[in-house]
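Participant: Sequence and predicted model, in that order:
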2 protein chains.
Amino acid sequence: MTSPTIYDVARSAGVATSTVSRAFSNPQRVSAGTRERVLRVAHELGYEPNPHARALTSRRTQTLAMVVSDITNPHFFEIIRGAELRAKSSAFTLVLVNAEESPRIEWEQISRLMRSVDGFLLAASRLPDESLGQLAASHSVVLLNRQAAGIPSVVLDQREGCRQLVAHLASLGHSKLVCLSGPRNSWTSANRWTAIRDAAEELGLTVTRMGPYTPTVSHGGAAADAALTTGATAFIAHNDLLAIGVLRRLAARGVRVPGDVSVSGFDDIFAADLCTPSLTTLGGVHADLGRAAVELLLEAAGAPNRTGAAAQQLVLPSRLVLRNSTGASTR
Amino acid sequence: MTSPTIYDVARSAGVATSTVSRAFSNPQRVSAGTRERVLRVAHELGYEPNPHARALTSRRTQTLAMVVSDITNPHFFEIIRGAELRAKSSAFTLVLVNAEESPRIEWEQISRLMRSVDGFLLAASRLPDESLGQLAASHSVVLLNRQAAGIPSVVLDQREGCRQLVAHLASLGHSKLVCLSGPRNSWTSANRWTAIRDAAEELGLTVTRMGPYTPTVSHGGAAADAALTTGATAFIAHNDLLAIGVLRRLAARGVRVPGDVSVSGFDDIFAADLCTPSLTTLGGVHADLGRAAVELLLEAAGAPNRTGAAAQQLVLPSRLVLRNSTGASTR
DNA sequence: ATGAAAGCGCTAACAC
DNA sequence: GTGTTAGCGCTTTCAT
């Protein structure tokens, strides 16, 4: 009841095992006739190559690992979907692991998988640059929504997107903004902050930064309370989840949105369109992010020792989605 | 630059390779002293076991595959999260694959992974019972939100949940219901329908079934239109996504919810609490579903030839969440 | 173009 | 408790 091996196929087809092997992994090195016969026999016998035996010698596993900072965040699901689809279309399997917002767990997960995958897709990694560099030195790595020198990456443009967002708020008459930041070691959070600060400066607005806040709905309450003390009229939350939490607290406290204050988020998750008021947010096509990242990773994994080629740093366009949580300033 | 193997460790520690192997995979069969020394040396050398070599001989991969019918559906997020967490806590890796609502793709994905995983978690499988039986005959399988004879499964209780839902609607004065069903080969959909029909009969209500509908927001429009033609005052949608689509169409057509008709969904996804009106829905603790399923799978994978033991069919409690989309009937 | 044979790194009898 | 050894199923030189 054990499954057939190349030996069985080789015997039945009257060829050597190496020929069977070639027929599967290097078809062009086998004459059309034998190849066809081998494949036919293999099919009849129900032969399927054993991926582990294959990996053991070839050191290629046809598997990619995707590490996400927090699997609970709906924003990742589109990315995961895009990545999974792209991986599948190249007959690659995607392993999904959760870092639970902890750099330690992230590193453990990575270590555990080092030998079993052809490359890593690190989404919103919380690892320090040095760790990333270290990993990238020995493995194929692509960063997602994070950049680091010498490592290929795909990010959604924040600079221009944040500029548009701030300009939007400015045009509504807001002159005092507050930025409710995300996790301390989030590259995206830092990146957004500098983009917002620069844009505000350029447009002559003031903006203060508060946080870090864990970007979940439940932490929005504290963020809202803190933001209210600043006297700002526009709150820029680190992401939609936090923004929705802010919205809730404001509603509970009788602060009207966008009557009294405006609120915006990032990511454009599904729920942003459903909450009340619906949320103005800076999003993008996340499935494309996942797809592009896998594409880069496949490239990198294909030519492991590309010491020369500069690491590609892809920047995909973001998209400002205006909804009902932002409006004219009343002050 | 090639990584160290048990041979290197064995040589450095002055023991046989088998001792090193045991120290890692069967610690209690090695004396405390040697074990400690071996592990220390291994650590110094930076040795990490090669999972493929391990899998090749032991036939165990420490990997589980989770196949979801549609990765886009937010309802799976929590399940995936629970499953991933539980798998990790037993040092198992979770491979996530998407069946894209297609039985053919589902089977392809499964076939591709047969050799590389210790078991399958099939979430809302669209495969016919025979295929499931065939797979279960040779591999460890646990079904999630689906039942089939002889295969362990975890489902959210629908029978009692649907009864409560229908009773809720009856108590609001609704006597004519319509059920907007999900995909044709969805076990859950069929199961809900019989539960709803039986409950309606028991309570003296009439209920008609429409569909199948693809359970996404965008298909809610057609479902709403069809439901309106029936004259029913309460619409039971196959899931929250479809229900939200129904809500949108009704709002667009000026039908008031719950003033004119009541609407309910299933799953209690995050968005159900955010839409307007917020959605009455039958949910449950989905993370528990994922957790329990992995637990069952780990058990099954541990004792592969448990021909005797009856397949466990776990039924976890569902939870009726009353929100603002259901109200008194005006007819 | 095809075959023979030596591993890849580990586990699992089986000895001692 | 520990060592010896024969594979697991495949890829990959090296011959032919």
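Facilitator: Now that the structure is in, tell me what you want to look at.
Participant: Could you pull out the strands in the stretch 51-200 of chain A for me?
Facilitator: A:63-68, A:93-98, A:119-123, A:141-144, A:153-156, A:176-180 (DSSP state E, counting those that start in this stretch).
Participant: For the fifth one, could you pull out the residues that count as buried?
Facilitator: Applying a neighbour-count criterion of 16 or more other Cβ atoms under 10 Å in any protein chain shown, one finds A:153-156 buried in strand A:153-156. All C-beta atoms are positioned from the backbone trio N, CA, C, and that covers glycine.
Participant: what about A:Ala167, how many residues close to it?
Facilitator: 16 (other Cβ atoms under 10 Å in any protein chain shown).
Participant: Quick check: it touching A:Ala199?
Facilitator: Yes - with contact defined as Cβ atoms under 8 Å, A:Ala167 reaches A:Ala199; the gap is 7.0 Å.
Participant: one step back: looking at the strands of the stretch 51-200 of chain A, which one is packed in the most?
Facilitator: strand A:141-144 (a mean of 28; mean count of other Cβ atoms under 10 Å in any protein chain shown).
Participant: Identify the bridge partners of the nearest residue to A:Leu322 once chain neighbours are set aside.
Facilitator: Spatial nearest neighbour of A:Leu322, chain neighbours left out: A:Thr280 (5.3 Å); criterion: Cβ to Cβ, 6 or more residues apart in numbering or on different chains. Beta-bridge pairing for A:Thr280 (DSSP bridges): A:Ser264.
Participant: ok, A:Thr280 to A:Ser25 distance?
Facilitator: 52 Å (Cβ to Cβ, to the nearest Å).
Participant: Among those two, which residue is more densely surrounded?
Facilitator: Applying other Cβ under 10 Å to A:Thr280 and A:Ser25 shows that A:Thr280 carries more neighbours, namely 26 against 12.
Participant: where's that one relative to A:Gly211, distance?
Facilitator: Counting by Cβ to Cβ - A:Thr280 and A:Gly211 are separated by 20 Å.
Participant: go on, A:Gly82?
Facilitator: Relative to A:Gly211, and taking Cβ to Cβ, A:Gly82 is found at 29 Å.
Participant: I figured A:Gly327 hits A:Pro258, correct?
Facilitator: Yes - with contact defined as Cβ under 8 Å, A:Gly327 reaches A:Pro258; the gap is 3.1 Å.
Participant: more crowded one of these two?
Facilitator: A count of neighbours by other Cβ under 10 Å puts A:Pro258 above the other of A:Gly327 and A:Pro258, at 22 against 19.
Participant: mind listing what that one touches?
Facilitator: Residues in contact with A:Pro258 (Cβ atoms under 8 Å, 6 or more residues apart in numbering or on different chains) are A:277, A:324-328.
Participant: what sits against A:Val34?
Facilitator: Small correction: residue A:34 is Thr, not Val. Contacts of A:Thr34 (Cβ under 8 Å, 6+ apart): A:13, A:15, A:19, A:23.
Participant: how about a cut-off of 10 Å?
Facilitator: A:Thr34 is in contact with A:13-15, A:19-20, A:22-23, counting by Cβ atoms under 10 Å, 6 or more residues apart in numbering or on different chains.
Participant: distance of it from chain B?
Facilitator: To chain B, A:Thr34 is 25 Å away according to Cβ to the nearest Cβ, to the nearest Å.
Participant: Could you check the helix or strand encompassing that residue and say which residues are buried?
Facilitator: According to DSSP states H and E, A:Thr34 maps onto helix A:32-45. Across helix A:32-45, burial judged by 16+ other Cβ under 10 Å covers A:34-35, A:37-39, A:41-42, A:45.
Participant: Kindly report the same for stretch A:250-265.
Facilitator: Under 16+ other Cβ under 10 Å, the buried positions of stretch A:250-265 are A:250, A:255, A:257-258, A:260-265.
Participant: can you check stretch A:25-32 too?
Facilitator: Those would be A:Val30, for stretch A:25-32 by 16+ other Cβ under 10 Å.
Participant: In stretch A:44-61, which residues are buried?
Facilitator: A:45, A:47-48, A:50-56, A:61.
Participant: repeat for stretch A:312-329
Facilitator: Here stretch A:312-329 shows A:313-314, A:316, A:318, A:320-321, A:323, A:325-327, A:329 as buried, counting by 16+ other Cβ under 10 Å.
Participant: for stretch A:70-89, same thing?
Facilitator: A:70-88.
Participant: out of the buried residues of stretch A:250-265, which touch DNA strand C?
Facilitator: Restricting these to those within reach of DNA strand C (Cβ under 7 Å from any atom of the strand) leaves nothing.
Participant: is DNA strand D contacted by stretch A:61-76?
Facilitator: No - Stretch A:61-76 lies out of reach of DNA strand D by Cβ under 7 Å from any atom of the strand, never closer than 10.4 Å.
Participant: distance between the ends of that stretch?
Facilitator: 25 Å (Cα to Cα, to the nearest Å).
Participant: how far is it from where the chain is centred?
Facilitator: How far stretch A:61-76 lies from its chain's middle: 7 Å, per Cα atoms, centre = their mean, to the nearest Å.
Participant: quick check, that stretch touching DNA strand C?
Facilitator: No - using Cβ under 7 Å from any atom of the strand, stretch A:61-76 never reaches DNA strand C; the gap is at least 13.0 Å.
Participant: pLDDT on that stretch, on average?
Facilitator: Average pLDDT, stretch A:61-76: 90.
Participant: and what of stretch A:111-118?
Facilitator: So the average pLDDT for stretch A:111-118 ends up being 89.
Participant: Residue numbers of the stretch 1-150 of chain A in contact with DNA strand D?
Facilitator: So the stretch 1-150 of chain A meets DNA strand D at A:2-3, A:5-7, A:17-18, A:21-22, A:24-26, A:47-50, A:53-54, A:56-58 (Cβ under 7 Å from any atom of the strand).
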